[in-house]
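J.: Prediction below, plus the sequence it came from.
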Amino acid sequence: MTFTAIDFETAISFHPCSVGIVTVQDGIIVDEYVSLIQPPNNSYSPYTIAVHGITPADTRYAPTFLDVFPEIKKRLKGQIVVAHNESFDRSVFQKSMALHDMNYQDLQLAEKWECTVKLYRAKGLKPTTLKDCCRVMNIKLQHHEALSDARACAKLYIAHLKGV
């Protein structure tokens, strides 16, 4: 019941523009962190803006991935990490680290993270979007807001661990 849930919103390709992290100890949320992130050249795809509503104006003066990395590292290192569609969030994180010549192995994380999509699909839930899982589990969600998504993922994982 001790783990860290994470969610990234992206600007273009794998470049994050926001991160939300929720730390859970003994089944209780004990810490939350959220930050906008200025993507390289502050570039965005119109598609991603339509999804999450974050624009270049929002991140013009935001910290870069390098700036927020110490906070991410502090919360993730050596932890069980959970994400909804973990392969996406893990890929964003690993590629962002690689772009800055950082070694993912230094964080002592599992090769694959825990995935609430897979867990809830195995329970027979269809579809397994975060929005649908939260609706079924009666979890409040402001979808595509990184902290809300990470908090919802954490609550889904806690429910799973409790056998709900």
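T.: Right, received. Where do you want to start? Residues are numbered from 1 along each chain as shown.
J.: contacts, neighbours, all on C-alpha from now
T.: Fine.
J.: State which helix of the chain is the longest.
T.: Longest helix of the chain, by residue count under DSSP state H: helix 146-161.
J.: Which neighbouring elements make contact with that helix?
T.: In terms of contacts (3 or more CA pairs under 8 Å, 6 or more residues apart in numbering; DSSP states H and E), helix 146-161 is packed against strand 3-12, strand 15-25, strand 28-36, strand 81-83, helix 116-122, helix 130-137.
J.: right, and those - which one's nearest Phe65?
T.: The closest of those to Phe65 is strand 15-25. By CA to CA, the value is 7.6 Å.
J.: Given the closest one, what are its sheet partners and their directions?
T.: Strand pairing for strand 15-25, determined by DSSP bridges: strand 3-12 (antiparallel), strand 28-36 (antiparallel).
J.: How far away from the center of its chain is the longest one?
T.: Same thing as strand 3-12. 2 Å (CA atoms, centre = their mean, to the nearest Å).
J.: how far off helix 146-161 does that strand point, in degrees?
T.: 140 degrees (axes from the mean of the first three to the mean of the last three CA atoms, to 10 degrees).
J.: So which residues make contact with strand 3-12?
T.: By CA atoms under 8 Å, 6 or more residues apart in numbering, the residues outside strand 3-12 that reach it are 16-25, 39, 43-45, 48-49, 52, 54, 75-76, 79-84, 89, 92, 144-147, 149-151, 153-154.
J.: What subset of those residues is buried?
T.: Listed as buried from the contacts of strand 3-12 are 16-24, 39, 43-44, 48-49, 52, 54, 75-76, 79-84, 89, 92, 144-147, 149-151, 153-154; burial here means 16 or more other CA atoms under 10 Å.
J.: which residues are in contact with the longest helix of the chain?
T.: Applying CA under 8 Å, 6+ apart, the contact partners of helix 146-161 are 1, 4-9, 18-22, 24, 27, 32-34, 82-84, 116, 119, 130, 133-134, 137, 139-143.
J.: what's around the nearest residue to Val19 once chain neighbours are set aside, how many residues?
T.: Excluding its sequence neighbours, the residue lying closest to Val19 (CA to CA, 6 or more residues apart in numbering) is Phe8, at 4.6 Å. Neighbourhood size, Phe8 [other CA atoms under 10 Å]: 29.
J.: how close does Phe8 sit to Phe69?
T.: 13 Å (CA to CA, to the nearest Å).
J.: and what of Cys133?
T.: For Cys133 relative to Phe69 (CA to CA), the value is 29 Å.
J.: And Thr55, by the same measure?
T.: Here the criterion is CA to CA. By it, Thr55 lies 21 Å from Phe69.
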